[in-house]
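[1] Any chance you can model this:
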Amino acid sequence: MLKEFHDMRQYLQNLGLVLTEIEWETLYSAWHLKEFKRKTLITTSSEIEIYLYFVLEGVQRVYYQNEDEREATLVFTYPYSFAGVLDSFLLQAPSNYYFEALTNSRMLKISHEDFQNLSHSIPAFDHFARKLVHSTVSGLLQRMVELQCFTSKEKFLVMLKRSPQVLQLVPHKYLANYLGIDPTAFSKLLNSERI
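    The predicted structure is shown next:
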């Protein structure tokens with residue numbers, strides 16, 4: 001078994017996915033290794049996301065950009081997590097967002113067609129994928145509450161509690177954007193908190 005698949009298997013098993021060896025082999029055969037250089041746009045707005053990714057190395061982000069080129073960072077992904085523009089992938093509809101590799105990245109990718117085939121042929125995988133989508137929706141709703149109701153300091157502290165490693169992984173200008181905080185205010189928060 002390749003190390004990449006071992007890492008993915010460990011992650012999925014830790015989340016509760018139980019498969020037979022034959023099912024694991026079927027799962028592996030649908031995923032393919034892909035590398036991206038730093039600052040590569042993987043998916044652009046109006047493009048249909050045809051792949052779901054599993055991050056092995058690197059940091060990526062999904063962001064929105066309006067006509068004035070103002071950006072809103074929505075999510076960061078890093079080892080070991082799923083990545084891509086999820087709504088576009090699931091609905092096979094044009095994306096409203098961009099998916100970018102912030103650093104050199106290595107990921108496993110699966111096409112929408114192969115994902116659907118796995119869901120039909122391996123019921124445990126289908127059930128697991130649905131649970132992940134439900135969990136993602138729950139997380140997004142919580143994030144909406146944080147963005148609309150929390151102070152800058154509260155948002156900063158929640159981010160650190162949830163993912164303390166992001167300060168070392170993600171450039172601070174993107175973290176400030178993710179929190180909806182001015183970069184100067186973000187620096188002040190960073191300097192005022194004991195980390």
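[2] C-alpha only now, for contacts and for neighbours.
    OK.
[3] in stretch 128-147, what counts as buried?
    Using 16 or more other Cα atoms under 10 Å as the test for burial, stretch 128-147 gives 128, 143, 146.
[4] what would those residues look like in JSON lines with distance to residue 189, secondary structure and pLDDT?
    Below are the buried residues of stretch 128-147 laid out as JSON lines (distance: Cα to Cα, whole Å; DSSP: H, G, I helix; E, B strand; the rest coil; pLDDT from 0 to 100):
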{"residue": "128", "distance to residue 189": "38", "secondary structure": "helix", "pLDDT": "88"}
{"residue": "143", "distance to residue 189": "19", "secondary structure": "helix", "pLDDT": "89"}
{"residue": "146", "distance to residue 189": "17", "secondary structure": "helix", "pLDDT": "90"}
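[5] so which of those residues would you say is closest to residue 61?
    Each of the buried residues of stretch 128-147 was checked against residue 61 using Cα to Cα; the closest is residue 143, at 15.5 Å.
[6] Tell me the spacing between the closest one and residue 38.
    Applying Cα to Cα, to the nearest Å, the value for residue 143 to residue 38 is 27 Å.
[7] now residue 110
    Taking Cα to Cα, one finds residue 110 at 21 Å from residue 38.
[8] Compare neighbour counts for these two and give me the winner.
    Under the criterion of other Cα atoms under 10 Å, the comparison of residue 110 against residue 38 puts residue 110 first, with 21 against 15.
[9] ok, for residue 99, nearest residue in space, not its chain neighbours?
    For residue 99, ignoring the flanking residues on the chain, the nearest one in space by Cα to Cα, 6 or more residues apart in numbering is residue 62 at 4.5 Å.
[10] how about the one you found, what does it touch?
    Going by Cα atoms under 8 Å, 6 or more residues apart in numbering, residue 62 touches 73-76, 84-85, 97-100.
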